[in-house]
Every structure is written in C-alpha cells, then in structure tokens.
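Colleague: I need the structure of the sequence given here:
(chains A, B, C, D, E and F, ligands or ions: 12)
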There are 6 protein chains.
Amino acid sequence: LERDKYENNEVAGVVTGLAWTSVGGDILFIESILSKGKGAMTITGNLGQVMKESATIAMEYIKSNAELLGINPEIFEKYNVHIHVPEGATPKDGPSAGITMLTSLVSLFTQKRVKKSLAMTGEITLRGKVLPVGGIKEKILAAKRARIKEIILSEENRKDVEEIKAEYLKGLTFHYVKEMGEVIELAVTKQSVKNAKKL
Amino acid sequence: LERDKYENNEVAGVVTGLAWTSVGGDILFIESILSKGKGAMTITGNLGQVMKESATIAMEYIKSNAELLGINPEIFEKYNVHIHVPEGATPKDGPSAGITMLTSLVSLFTQKRVKKSLAMTGEITLRGKVLPVGGIKEKILAAKRARIKEIILSEENRKDVEEIKAEYLKGLTFHYVKEMGEVIELAVTKQSVKNAKKL
Amino acid sequence: LERDKYENNEVAGVVTGLAWTSVGGDILFIESILSKGKGAMTITGNLGQVMKESATIAMEYIKSNAELLGINPEIFEKYNVHIHVPEGATPKDGPSAGITMLTSLVSLFTQKRVKKSLAMTGEITLRGKVLPVGGIKEKILAAKRARIKEIILSEENRKDVEEIKAEYLKGLTFHYVKEMGEVIELAVTKQSVKNAKKL
Amino acid sequence: LERDKYENNEVAGVVTGLAWTSVGGDILFIESILSKGKGAMTITGNLGQVMKESATIAMEYIKSNAELLGINPEIFEKYNVHIHVPEGATPKDGPSAGITMLTSLVSLFTQKRVKKSLAMTGEITLRGKVLPVGGIKEKILAAKRARIKEIILSEENRKDVEEIKAEYLKGLTFHYVKEMGEVIELAVTKQSVKNAKKL
Amino acid sequence: LERDKYENNEVAGVVTGLAWTSVGGDILFIESILSKGKGAMTITGNLGQVMKESATIAMEYIKSNAELLGINPEIFEKYNVHIHVPEGATPKDGPSAGITMLTSLVSLFTQKRVKKSLAMTGEITLRGKVLPVGGIKEKILAAKRARIKEIILSEENRKDVEEIKAEYLKGLTFHYVKEMGEVIELAVTKQSVKNAKKL
Amino acid sequence: LERDKYENNEVAGVVTGLAWTSVGGDILFIESILSKGKGAMTITGNLGQVMKESATIAMEYIKSNAELLGINPEIFEKYNVHIHVPEGATPKDGPSAGITMLTSLVSLFTQKRVKKSLAMTGEITLRGKVLPVGGIKEKILAAKRARIKEIILSEENRKDVEEIKAEYLKGLTFHYVKEMGEVIELAVTKQSVKNAKKL
Ligand SMILES: [Ca+2]
Ligand SMILES: [Ca+2]
Ligand SMILES: [Ca+2]
Ligand SMILES: [Ca+2]
Ligand SMILES: [Ca+2]
Ligand SMILES: [Ca+2]
Ligand SMILES: [Ca+2]
Ligand SMILES: [Ca+2]
Ligand SMILES: [Ca+2]
Ligand SMILES: [Ca+2]
Ligand SMILES: [Ca+2]
Ligand SMILES: [Ca+2]
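Modeller: Ligands and ions are numbered 1, 2, ... in the order given. Model prediction:
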C-alpha cells in the first residue's frame, strides 16, 4: 500500500516500527498523546495482550528511571497517556514493538523530535536490555519499501542481518543495541517538536 | 429501508457516517450527548471492540488538542459523554466511523451545527491523519440513496472513487482530506445549534 | 398465560411493553424504582447486552434533557435507579423496549402515573427519534389478548399495521410517533401516583 | 438426604425455600448476615446470574420501600449484607427463590423470627407482585419430606396445587399471595430472634 | 509424596484440611496471613469459584460474629487478609474446605495455635451449621498416611465413617460436629503462636 | 540461544530462575522495579494465572514479614511495583518461579545485590515453606548451559538431583532449603546495588 511509507517527525510521540505478519513485513506507527488527567494510561489499536503489556513495561520503565531520562516525575500524575497503533482493522500482537513504544513515550514526555527516517524493532525488559525479535528479513524489506534510512535492532539480531544478501541492505544503516538507553540516545533528538507542550 | 436517509442538522453531536456490511453499503448516525458528571464516557449501539476504540481515540485526540479546537478543557471534567450508534439490533465494528465520531464530539463540545447533507467515512489516528477505509463504492451508493450531497474521504481513498462510473457519482461532491483538522473545518459550521447548551 | 394481561397504573415506573419471541408475541413489564444513593443504575431481568444498552440510552437521554422534561437534575445524584424486566426465567434482548424504558424512567423521576391500558414498542436514539422495530403483527395480537386499548409505535411501523386485517385491530387505538417527546406526552399523565415520593 | 428437613427459626435471615432440579424437588435455605460496612452486598452459593439478580431485586425493593417495611434506611449504609445459599457443590439458578430472599432480608434487617415450619417459592418483581414458578408438584413433595407445615405460593400457582392428589397435600396449609407485602406479613413474625442485633 | 504429612502448628493461620481428588484422598494446607491495609481479602492457590466462595463465607461469618469469637471488629479494617492453598499446580474446588478456612481465619485473627495433629473437612454456612461432604473414606486414608491423629467431620458424615473397616480407623479420633462454634472450640487452642502479632 | 546465559547482578530486582517447558529446560529472568505510587502491583510477561498468583503470594509474604526482613512497611504504600518476566512471546505458567519472585522483591525493597551466578526454582507458601517442583534434570542442564554456578532447590527436590549422573552436575553447587528465609539468606547479599534508590 502507498500508505506504508515513512512520515515526517514533527509530532511528539510518533515513531516508526517494523512488524512481521502472515503476509510479510510491514511498517507500523506508534502514536502517543497526553491529556490533562491523573496518570491513567489507555491503549488502542486492536492489540493483543502481549503488545499491551509492552506499553505497560515501557511506561513503568520510564517512571522508574525518570531522573536518568530527564523527566520530571510529577508529569506522570498530571496527565493521562493514550497510546495508539493504527490501523484498527488489523489485529496486532507480540513484544517486538517494545522499543518503539519506549521511544514514543520518551519523545512524548520530553516533547523532543524523533530522528528522521528511522525505524526500529525489539523487545524491552525492565532491567533495560533490548531483546532480539523475529522476522528480521521481512521487516527490513518493508523498511526499504517505506524509504526508511536507519534501523535500530538488538545486538542479538545482528546475525540475522548478516545472513541477508548485501543488495537488499543497500542504503540502510543499522544500529545494534544492547540497552534501552542506547535506543533513546539514537532515536530521540535534542530538538523540540513544533508547538511543543510545556509539561 | 425508507429510514436510511439523511436527516437535518439541528441537534449537536449528530453526524452521518457510511458503513459497509455484508449486505451492502448503508448510512449510519453517530449521536452524542452531554450530561452533568465527572468526565465518564459511555458507548452504546451493539459495537465491537475496534469501533469502541475509535470513540476513545476521538475523545483523547480532542482532549489533547482542546486549545486548537477552541474547547475549554474544563468542560471535560464537568460532563459525562454518551456516544450511541443506532440501530441496536445490528452489530457494528471496524475503524471507519472514526472521523464521524470525531466530528460528532467536536459538534457536541462546541454546540455547533454539522454541515447539511454531508456524510463521511475514515479512520482516525492520534497524530491527526485520516486513513483510508474499505467498501467505498458500496458506501457511495448508499449515500446517494440517502440523498447525501457531500462526502468526506481520506485522500488515500481518492483512487477508489476514480474507479467508479461517473454516472454513479452525479450530484455528489467529494472532499479528500489528509488531516483530521480538515474534516472539522469542512464538517462543523460556525452556527450554533438550536437551544445550544452553555457549557 | 393468564398472567400476560395489562395491569393497573398505580405504581410509578411500571410500563407495559410488547415483545416478540420465538414462540410469538408477548407483553412485558418494565419496572423501575428509586432508592437513596449516589446515582448508580442497576439492571436485572436476564437481559442481553443490547437491551441493557437501551436502559443506558434512556437514562442518559433523560439526564441530558432533564430541564425540558421538568426533572430537577440533582435527583440523579441523590438516588440509585434499579430497572427490572420480569420474568427472570426468560432471556430477553434487542432494542425494542427502548421507549418503554424511557417512559418508565420519566414516570419514576416525575412520580406521575402512566396512561391506562397502554402498551408500546420502539427503539430510542440519543437525538430523540423513535425507530421502528420488528414483529409488529405478533406484538399487536399479544396486546389484544392482554386487553390493551392503545399502542404507541414508530411512525415507520405504520405500514406494518396497515398490512394487518382490520378485524385483528378492532378495539385498538394506534399512536404513531417520530420523536421521544411525543411518547412521553402520550404516555405519562399529569396525575401523581398514589403515595408519590417527594424527590 | 436426612439433611433436607426444616430447621428451627432462631437465627435472623434464615428462610426455607423450595427448589426444583433435574432430580426432583428439594428444599433449600437462604441465609443472610450483616457485618459492619458501607452497604456492599455479596452473594455466594454457586448461583447463576438470574438467581443472583433475585438477590439484587429483593435488596433494591427493600431499600425503596424501607419506610413501609419499618426499616431505618440508614442501616443500609452502615452494614454489608452477605447472602448465601448452601450447598456449594450444587449449581443453582432461576428466579424462584425471590420471595425466599426477600423474606430472608426483611428478617435480617428487622431481626425478627421467620414463622416456624414454613417454606415458600415465587418470583419477585420491583412493583411488588409475586409471580408463579414451575415444578410445584415436585417442590410440594420435597416440602412434605422435610416436615414443612405451611407453604407460600403465588396466587397464579393455585391451579398447579389443585391438580395434585389430595393425599399428597395432607398436613400442608397453602397461602396464595399476589403481593410481596403479603409474603412478609405471613412469614416474618413480630418476635425478635434470640440475641437480636441492635441495628 | 513424602510432603503430604502433618506439619507443626507454630504459625497462626495454618490448618490441615482433607481433599478428595480424582486420584484419591490427600491432605492440604490452608494458610492465611495479615498485612497492614484496609480490609481487602485476596485468595490464591489455583482455586475454583466455589472454593473461593468458602473463603468469603468464612470471612463474613467471622465479621458478623466477631464479638462471640472474641475478635475486635476494628481489626478487619486495619489489615488485609491473604488466604492461600498450596500447591499451585493443582486446580482445587468445592465447598469442603469451609471449616478449614474458618479455623485458619480464627487462628489468624486471634493469633492462637491450632491444635496439633488435627485435620478437618466440612462445608460451612452463614447460620453456623457444618454440612457433610463427600470422599470421607479416601480422606481418612490420606489423613492416616500423613500421621494425623484427630479429624473433625460434620455429624452428618458419621454414617460414612461407620461404614469403614475398623482397622483403617485405628489411631484416629473423630469429632462429629453440628455447629461451626464446635469446630473452633475443638481446633483453636488458648495458646498464642510463637511471635504472635499484636493486632 | 546465545541469550540464555547468566547475566550480572548490578540491578536490583533481577534474579535468574529455571523453567521447564515442552522443549526442555531454560533459564528465565524475574525483573521488578519500583515507581512512585500508592502500592499498586502490575505483572507482565505473558503469564498464566498460577504464575501471577506466585507474585501475589511473594508480595503478601513480604508485607506480612516486613519487620523480619528489615523492610520499612511504609515503603509499600509509597511505591508501585512492576514485576516482569521476559520474553513476552512465550506463555509461562506454574508455581515454580515463586522463590525467584520472592528474591527479586526482597532485592528490590532492600536495594541489595543478588548473589552472582546463582539460579533457583521452587514454589512458595504463605507459611514460609519452600515446596518442590518438577523438571529438575532439565532445569539443571539449562543452568549449566547458562554458566550458572549455584542452584537453590527445595530440600524435597534433593532426591531428584541425586538421580542425575555426577558428570552433569560437575561445577554446580546445590543449596537445599526448607524455608523461604534460607533462600533470602543465600541469595540476597549485604551489598547495595549500583545507584541504589533511597526508599
Ligand atoms: Ca500496513
Ligand atoms: Ca516494532
Ligand atoms: Ca440501516
Ligand atoms: Ca463512517
Ligand atoms: Ca409472558
Ligand atoms: Ca417494548
Ligand atoms: Ca439438598
Ligand atoms: Ca424458593
Ligand atoms: Ca498433595
Ligand atoms: Ca477440607
Ligand atoms: Ca529462553
Ligand atoms: Ca524458577
């Protein structure tokens, strides 16, 4: 579909992920927004239980490491967070959107832009590790079709990339990470989004 | 059915959508009302999980963008919102009523009339994009039968309309949109509804 | 059954509806009562999800239109409402008890008598329309057996009545309505019930 | 079973009902107790949804008619009520324990003894009617085996008793009622239970 | 298994019950603990709905009869109670652990030791009766294997014991009870547990 | 998988457990973190009901024995706890992670390091016993592959180890325990983690 291409990075909380479905690889967007509230989190997008858990893990990780991430923990009590994964007609599940959700929430709470032309896939843990995921080849092909330039993967997925023919990888830069802190360093810029909210 | 025709626009929160069922296209109404309360949202109409999610997405988008939409955010805490989709005997699901629900809620919170003889169909996202939906041909035929004059669709559904014979489109004006802001611009008038509530 | 006959109108909140089951038409009673509380609503009677939704729609409609209906909105916060549909052994579902539930609640909150020998069937909407329902012929036969004298139906069900042989309709007066306000006008009298509560 | 016999009436809230199962009639006990609390109601006994609804109906009826029943409505907010139907290994359902539950709760809230050697079966409504139930013959045989002397039934079950051979009815007195008030009049004595709580 | 033997009685809230499974009789332990809180009760151990209900019944019975049991009712509001039935891999259900749970909770709230080398099985009721349960022969054999010396059963289970060959009963003392008060009298000693909490 | 190896012990709340699946033994990590809150506990990791119960049992045990464990009970009300078991794509269940969860939470609430190169498996109880679990041989092989040096097991699993060929056990030290206190003594060091939180 024409629609499955990278979009700009002007809005806080929008990050490009990579998905692997029965019909091949695809890109997906993780979106998150804030509204005034008391710390509730809602999750939509026709998601299965494991994918919803990823959002919880990302949120709790950020809350527990707020200081390291430069986020004022009082924000968590003054806003509600809503995380959405278009497209509602497609059921989605699995842990591989973990780092994408983490990046979305960090961008949201810092109101910083996500790096341009970047996509990512990887499972997150509470101790800060990035775990490998499946479908790497199909995801990379989908990223190319969508004009992605850089991809973040778990160090443990390096071997999966090395098995792919070089011609399929042309024009793509890979970042292999072990820790969630590296993902944030790579993906969240120092530049505020347009019309950044003062939290 | 005789009943499936456009109705007037005198009540806040009533918007005409387009649905695609196993027996063809149909129009449907999204209705929403306010009552004094503490910000609860209830949803009825024999709706599936994805369609309920559309209501949540629309509501959270409006809360997060209240200022841009000219809505006083204190309203959200002082009223309960109820969204209903007649007809209760028919199960309904899917994301395609997204822009219709969004328009309904903006009309409700601003107490402004929705434009006359207008129908719409499209999925919404948290970042403000309008995504394409299926069943365009059947939906357009249903709109004509109901005497709709204007239809709002995602820009990405333009190609689906261009494949339809011109004679079926006679008398219909199409608005192709990329952003949810365009939908509201097109659909919600500056004119208050009769007996507008002072919120 | 001998029991399926109209009963008197001395108690607030009791209204006669018409149901259509696999074994033919039947009358049913919608009952509602108030107890001191904080605005909770409970619903019993072995009801399916759609029929429960009708109660929610009726309640929210009344709350949103309290002033027009002459009901002090503070009542809603000081009482709990319980709606029940005897007979518990029979599962019931569908939207057709909507106007019956609406009438029951208006009678309850105003402590006014419901008109004598009256039955009704029709779906309700948040915008105040009364929608047509199925099984009209079977419901009318059941109403006659129960000694009902007047029946309220949606204007859009008029054609269903006109198809029925005149002899089956003898002794029955039909009221065809478009708006929920007409139902209340026809069904709820100005006369307080015996031992009316002071709300 | 030896156990299926009438027991004494020394404890508030214990009432003998009549049940009809796939293996014939049986007696059952409805038990209820109060503990200090804030008005919560819990229900146990391996009960189906309809039987649980009977407890809700009984409770709401009593709350709504507290004054007529001579119960101080402040009690409802200061105590929790627990209703139990032994024997937990047997699933139970249906509306026929309604008047038994009503009687149990009135005895509980007034701390009055239930009449001796009495059993009952009948569905309750919010408007105070007692509706007929099934399995009358089997229930009466079970009542006799359990040495019950008096039975309360809906007036509409009179015909079911009249079809039973006189010899089976010997030693039993029947009370046919139309209204729930009659049940309470017949079943709840003026005599306080031993160690009555001061509510 | 070696593990299925009686253990000491040094901890409050630990009581030995008797279970009957598809593979024969077994002993089980009911454990309960207090933590500071607001009166919540949690139940674990892979339990079915009926067995969970037994915990609710025991708790409500104790709350309602706190004074008779010598328990200060203010304790209930200042602590949370957790009831657990090891072993988590085995699903468990049925009402027969009722008196075991009751004894566990009374020991917990009084911080008194449970009698040594004692096991029990019986259903509880809100009116204080102990009801008979099934599988008596299998349960007794399991009790012997676990070196239990005394067993509490419902009076109505006496006949089940009398049908068992005397040699299987050697070394066991049976207590047949009618009332829950008798269970507590027999099972809960006057001696405080080691390191008794001051509640 | 390369990933299934022991990791360092620098983070509070991370403990290595041993699992037994249909495809053999495996190691798993229990992770837990604190965030400011009001005492809520969330659990993720695609866990079944029994494994979730283990987390509840561990938490309630710690709350009830806070003083013995040297934990200030006020901490429980000021923080939320999140427990996670990677890897989300694998469903997990059973009680055998009980001691691992207990150790994780004690490390978390004391901010002490867990002993290096240690793994464990065993069911926990509210009375402090450690119960045996299955799959010991497979779990030990997995522990060796992951370069674990010490293993904690229930005393009742000693016989399972003694049945394994000595060569498979080379390089492993076993600790057999009866009580949960022994696990904590063995597993949680006196040394604070790097960047320990001041609770
Ligand atoms: Ca796609
Ligand atoms: Ca992803
Ligand atoms: Ca239609
Ligand atoms: Ca639509
Ligand atoms: Ca009927
Ligand atoms: Ca009706
Ligand atoms: Ca029985
Ligand atoms: Ca009964
Ligand atoms: Ca066992
Ligand atoms: Ca037992
Ligand atoms: Ca693994
Ligand atoms: Ca383990």
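
Colleague: for chain A, what are the low-confidence residue spans?
Modeller: A:1-3 (pLDDT under 70).

Colleague: give the contact list for the spatially closest residue to residue A:98 that is not a sequence neighbour.
Modeller: Excluding the flanking residues, the one nearest residue A:98 by Cβ to Cβ, 6 or more residues apart in numbering or on different chains is residue A:124, at 3.5 Å. (C-beta placed from N, C-alpha, C; glycine too.) For residue A:124, the contact set (Cβ atoms under 8 Å, 6 or more residues apart in numbering or on different chains) comprises A:54, A:57-58, A:61, A:95, A:98-99, A:101-102, A:130-131, A:180.

Colleague: What of residue A:40?
Modeller: A:80-81.

Colleague: 6 Å instead, please
Modeller: residue A:80 (Cβ atoms under 6 Å, 6 or more residues apart in numbering or on different chains).

Colleague: what does residue A:55 give?
Modeller: Residue A:55 neighbours (Cβ under 6 Å, 6+ apart): A:43, A:83, A:101.

Colleague: Looking at those residues, which is nearest residue D:187?
Modeller: Nearest to residue D:187, judged by Cβ to Cβ, of the contacts of residue A:55 is residue A:43 at 52.5 Å.

Colleague: Near ligand 1, which residues of chain A are found?
Modeller: Taking Cβ under 5 Å from the ion as the contact definition, chain A meets ligand 1 at A:4, A:26.

Colleague: Show me the helices in chain A, by range?
Modeller: A:49-64, A:75-78, A:98-110, A:136-145, A:158-162, A:166-169, A:180-187 (DSSP state H).

Colleague: So residue A:16 sits against residue A:119, correct?
Modeller: Yes: Residue A:16 is within contact range of residue A:119, at 4.3 Å (criterion: Cβ atoms under 6 Å).

Colleague: wait, which of the contacts of residue A:55 is closest to residue B:146?
Modeller: Nearest to residue B:146, judged by Cβ to Cβ, of the contacts of residue A:55 is residue A:43 at 35.3 Å.

Colleague: where's that closest one relative to ligand 9, distance?
Modeller: Distance of residue A:43 to ligand 9, given as Cβ to the ion, to the nearest Å: 41 Å.

Colleague: show me the contacts for residue A:50.
Modeller: A:93-95, F:46, F:88.

Colleague: quick revisit: please list which of the contacts of residue A:124 also come close to ligand 12.
Modeller: Okay, of the contacts of residue A:124, nothing touches ligand 12 (Cβ under 5 Å from the ion).

Colleague: What number of residues are in the vicinity of the closest residue to residue A:78 other than its chain neighbours?
Modeller: Of all residues not flanking residue A:78 in the chain, residue A:36 sits nearest, at 6.9 Å (Cβ to Cβ, 6+ apart). A total of 14 residues lie near residue A:36 under the criterion other Cβ atoms under 10 Å in any protein chain shown.

Colleague: again with residue A:162
Modeller: By other Cβ under 10 Å, neighbour count at residue A:162 equals 10.

Colleague: With residue A:198 instead?
Modeller: For residue A:198, the tally of surrounding residues (other Cβ under 10 Å) stands at 4.

Colleague: Could you check how far it is from ligand 4?
Modeller: 36 Å.

Colleague: next one: residue A:128
Modeller: 43 Å.

Colleague: OK, contacts around that residue?
Modeller: Residue A:128 sits in contact with A:179-180, where contact means Cβ under 6 Å, 6+ apart.

Colleague: what do you get for residue A:161?
Modeller: residue A:174.

Colleague: measure residue A:90 to ligand 9 for me?
Modeller: For residue A:90, the distance to ligand 9 - Cβ to the ion - is 47 Å.

Colleague: For the closest residue to that residue other than its chain neighbours, give its distance to residue B:46.
Modeller: Among residues not flanking residue A:90 along the chain, residue A:46 sits closest, at 6.4 Å (Cβ to Cβ, 6+ apart). According to Cβ to Cβ, to the nearest Å, residue A:46 stands 18 Å off from residue B:46.

Colleague: Need the nearest residue in space to the residue nearest in space to the middle of chain A, chain neighbours excluded.
Modeller: Nearest to the mean C-alpha position of chain A, counting by Cα atoms, centre = their mean, stands residue A:100 at 1.1 Å. Spatially, and ignoring its direct neighbours in sequence, residue A:100 is nearest to residue A:17 (3.6 Å; Cβ to Cβ, 6+ apart).

Colleague: Touching, that neighbour and residue A:26? I think so.
Modeller: No: using Cβ under 6 Å as the test, residue A:17 is too far from residue A:26 to be in contact (9.4 Å).

Colleague: Spell out which residues are contacts of both of these two.
Modeller: With Cβ under 6 Å, 6+ apart, residue A:17 and residue A:26 have no common neighbours.

Colleague: what about residue A:102, neighbour count?
Modeller: 28.

Colleague: That one: what's it in contact with?
Modeller: A:58, A:124.

Colleague: Ok, residue A:30 next?
Modeller: A:15, A:17, A:85, A:100-101, A:104.

Colleague: Swap in 10 Å and give it another go.
Modeller: A:13-17, A:45, A:54-55, A:58, A:83-86, A:97, A:99-105, A:107, A:114, A:120, B:126 (Cβ atoms under 10 Å, 6 or more residues apart in numbering or on different chains).

Colleague: Flag every residue of chain A that's near chain B.
Modeller: A:1-3, A:7, A:10-14, A:29-37, A:42-47, A:79-91, A:104, A:195, A:197 (Cβ under 10 Å from any Cβ of the partner chain).

Colleague: Give the buried subset of these as a ChimeraX selection command.
Modeller: Those of the residues of chain A next to chain B that count as buried under 16 or more other Cβ atoms under 10 Å in any protein chain shown are selected in ChimeraX with:
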select /A:11,12,13,14,29,30,31,32,33,34,35,37,42,43,44,45,46,47,79,80,81,82,83,84,85,86,87,88,104
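
Colleague: Which of the residues of chain A next to chain B fall in strands?
Modeller: Secondary structure defined by DSSP state E assigns A:29-36, A:42-44, A:79-84 of the residues of chain A next to chain B to strands.

Colleague: So which of those residues reach ligand 10?
Modeller: Within those, nothing lies near ligand 10 by Cβ under 5 Å from the ion.

Colleague: that older thread, do I have it right that the residue nearest to residue A:78 meets residue B:67?
Modeller: No: assessed by Cβ atoms under 10 Å, residue A:36 is found out of contact with residue B:67, at 11.1 Å.

Colleague: overlap in contacts of the two?
Modeller: residue B:73.

Colleague: The residue nearest to residue A:100: how many residues sit nearby?
Modeller: 25.

Colleague: check contacts around it.
Modeller: Going by Cβ under 10 Å, 6+ apart, residue A:17 touches A:26-30, A:85, A:92, A:96-101, A:103-104, A:119-122, A:139, A:143.

Colleague: Among the residues you listed, which ones lie close to ligand 2?
Modeller: A:96-97, A:100, A:121.

Colleague: between those residues, which is nearest residue F:151?
Modeller: Of those, the one sitting nearest to residue F:151 (Cβ to Cβ) turns out to be residue A:96, at 32.0 Å.
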